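Colleague: pasting a predicted model and its sequence here:
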Amino acid sequence: MEVELPRDFLVDADDQAQSPLFRLPLEVRRTIYELSFIEQPFEDGNYVKGISEESLMVDQHKSGHDALEFDGTLPNWLRPGCTTQLKTETALLRTCQSVYIEASSLLVSTMVHRCYQGYGPRVRPYQYLKRLTDAQRSGVHRLHLFTQVRDFDRHGPWLRQQLQPVAESLQHLTITLRDLGGSPETPMLLNPYQTGAAKGQAISQFMEKAERGEELNIPPSSWAGSFAFFPALKTLTMELEDQEARESELESLAQWATTWKFPLGGDQFMSSKTAASSRVWQRPRPQYDDEFHGSYKPPRIITWTVRWHAPPTRTVAADIAQEKTIPTPTETDNESRIARPAYDPRLGGLNSIFANASEESIRELIAWGVL
C-alpha cells in the first residue's frame, strides 16, 4: 500500500539519525510498527455488559454447563472473538514524519477486516470493501468472513465476487461457516468437489472415494476453485460449526476437510498440514418470566478449525493470472437479498425458522405482517 504525501512533506522529514529506532534495520522497524498496530480490546468495552470471551466458553470435557443468563437483546453476531470492541493505537504515527512515512502503510495491512453475510451488520462484504480507498484496498492482507453455507456455496463465483476488491492483496483469509446443517434434520452440506448446493448423498460418495485413496478434482467454477483467484493468498482458515447434538457428524466433516487440497494454478495446491482442532461455546440464556420460555436452554455450539497453507514459493499459473475479470455483484443481486430478523433465542437459537426459511417464505411472512 502506497501513501501519497505532499512533496514538501517528504523533503522536510528528518532522517532521525540520532534515534535508536532508526539505527535498527528497516525489517526490524517494520516488525515493531506491526506489533504496535495489533488490535487490543477496549477496557470495559464489551458489546454486552457482563458477557466476555471467557463467559461464552465451555469445558468440552464436562457434560454439565449452566448457560450465562442475560436479560435483554443480544446481538445476533455475539460469539467468541466478537464480544468486545477493539482499538488500534495510532499514537506512533504522530511521533514524527519519518515514522509516519514508514509505518502508515502497515496500519491497514495489520488489521483483521471483518465482513458478515447474513447474521451481523447489514453491509455485505463487497459493499464494505468497495467503501475503502484504492490505497486501503491494496493494503488489506487479513480478512475474516462470517457467513452461512446457504450463501457460501449457492453458486461458485459468490466467494470471489464478494472479495473481488481485495483479490490481489489478500494474504490471510478466515471463513467462519455458522450453522452448518441449518436444522437438526438437515445433513451438513459442504462439498468442495461439487458446484452449487451440495448434496448429502454426493458428499458420502466423495468421502468414500477419499478413503479409498482415489484422486478427486475440484471444479474451477466451484467455491473451492475460488482461491486460485487470490494470487497473494498464503493461508486459509475455515471454522465449521453447529450444535453439540451433531458433534459426531461435524467431527467427520472436519476430519475430511483436512484432506482437501485447493488448486492454486499449475501444479500447486493449498493443503492442510496440521490436525483439526475444536472448541465448545454457548450463548447466554435469556431470562423470561413466562413458563413456556423459562425452560429454554441455548444449545452448546462446537466449532472445528481447519487450516491450509500455500506453498512457500507459490506461483500463479498463466491462465489464472490472465483471468483478471471476476463477475461483480449487481445491484439486483443485492436488492434480492432480504435482511433476515436478528437472532432470537425464543425461536430456537441458531436454528430459528427465520434463519432457515427460504427467501420466498420470508417475503410471504413480511406480506402477511408476521415480520
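Modeller: The structure has been received and is ready for your questions.

Colleague: can you list contacts of stretch 35-47?
Modeller: 52, 75, 78, 82-90, 92, 103, 106-107, 110-112 (CB atoms under 8 Å, 6 or more residues apart in numbering). (Each C-beta comes from the backbone N, C-alpha and C, glycine too.)

Colleague: out of these, which end up buried?
Modeller: The neighbour-count test (16 or more other CB atoms under 10 Å) marks 75, 78, 82-84, 92, 103, 106-107, 110-111 as buried among those.

Colleague: narrow those residues to those in strands?
Modeller: The strands, defined by DSSP state E, take in Thr84 from the buried ones among the contacts of stretch 35-47.

Colleague: lowest-confidence entry in the buried ones among the contacts of stretch 35-47?
Modeller: pLDDT across those is lowest for Pro75, at 74.

Colleague: which residue is the nearest non-sequential neighbour of it?
Modeller: Spatially, and ignoring its direct neighbours in sequence, Pro75 is nearest to Tyr47 (5.9 Å; CB to CB, 6 or more residues apart in numbering).

Colleague: still on that earlier bit, of the buried ones among the contacts of stretch 35-47, closest to Leu145?
Modeller: Using CB to CB, Cys82 is the member of these that lies nearest Leu145, at 12.9 Å.

Colleague: rewinding a little: and the residue nearest to Pro75, how many neighbours?
Modeller: Using other CB atoms under 10 Å, Tyr47 has 13 neighbouring residues.

Colleague: ok, it to Leu86 distance?
Modeller: 11 Å (CB to CB, to the nearest Å).

Colleague: also Gln161?
Modeller: According to CB to CB, Gln161 stands 28 Å off from Leu86.

Colleague: can you read off the pLDDT for Met238?
Modeller: 96.

Colleague: what strands line up against whatever helix or strand it lives in, and which way round?
Modeller: For Met238, the element it lies in under DSSP states H and E is strand 235-243. Next to strand 235-243 in the sheet, as set by DSSP bridges, lie strand 172-178 (parallel), strand 300-309 (antiparallel).

Colleague: could you pull out the buried residues of the shortest one?
Modeller: Judged by neighbour count using 16+ other CB under 10 Å, the buried positions of strand 172-178 are 173-178.

Colleague: which residues touch it?
Modeller: By CB under 8 Å, 6+ apart, the residues outside strand 172-178 that reach it are 112, 118-119, 141-149, 152, 163, 190, 227, 230, 233-241, 303, 350.

Colleague: tell me which of the contacts of stretch 35-47 fall in helices.
Modeller: Judged by DSSP state H, these include 103, 106-107, 110 as members of helices.

Colleague: any stretches of this protein with poor pLDDT?
Modeller: Applying pLDDT under 70 to the chain flags residues 1-14, 59-73, 121-122, 154-155, 180-188, 196-198, 286-296, 315-371.

Colleague: quick one: Thr90 and Leu107 touch, right?
Modeller: Yes: counting by CB atoms under 8 Å, Leu107 is a contact partner of Thr90 at 6.9 Å.

Colleague: next up, phi/psi of Val149, please.
Modeller: Val149 adopts backbone torsions of phi -60, psi -40, taken as degrees, to the nearest 10.

Colleague: burial count for it?
Modeller: Neighbour count for Val149, taken as other CB under 10 Å: 21.

Colleague: quick one: the strands in this structure, in order.
Modeller: Along the chain, the stretches classed as strands by DSSP E are 40-46, 57-58, 69-70, 84-87, 112-116, 142-148, 172-178, 235-243, 262-265, 268-270, 277-282, 285-286, 300-309.
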